[in-house]
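Q: Turn this into a structure:
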Amino acid sequence: MSEPTGKYSITMPRDIAEAARSRSGPSGLSAYVAAAVARQIERDNLNELIQVAEAEHGPITDDEIQALRDQLHQARREQADGGAAA
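A: Model (predicted):
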């Protein structure tokens with residue numbers, strides 16, 4: 001069952017509105033905008049978590065970020081290799 005909805009009036013630049021309308025597909029502009037706002041809220045929440053973590057533990061270094069990216073790429077390669085053999 002879907003969440004209750006409300007009707008809102010928003011203002012945005014015409015070119016953005018028209019681009020969104022052209023990409024909204026069969027679900028319509030309202031669903032497209034709602035999905036975009038939901039993604040932005042997720043990003044805002046993640047940024048808040050990062051700020052809290054950095055305040056407690058200090059900022060993550062570029063070397064730490066690169067090490068984690070390397071681990072992710074390696075895991076993806078292993079997954080792809082294992083998936084191809086299966």
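
Q: Can you pull up the most central residue in the protein?
A: Arg39 (5.1 Å; Cα atoms, centre = their mean).

Q: Checking Pro59 next. Helix, strand or coil?
A: When classified by DSSP: H, G, I helix; E, B strand; the rest coil, Pro59 comes out as coil.

Q: Leaving out sequence neighbours, find the closest residue to Ala36.
A: Using Cβ to Cβ, 6 or more residues apart in numbering and skipping residues adjacent in sequence, the residue nearest Ala36 is Ala20, 7.6 Å away. (C-beta placed from N, C-alpha, C; glycine too.)

Q: per-residue confidence for the residue nearest to the centre of the chain?
A: Confidence per residue is given as pLDDT, and for Arg39 that number is 98.

Q: Spell out which helix or strand contains it, please.
A: Secondary-structure assignment from DSSP states H and E places Arg39 in helix 28-57.

Q: which SS class is Tyr8?
A: When the structure is split into helix, strand and coil by three-state DSSP, Tyr8 lands in coil.
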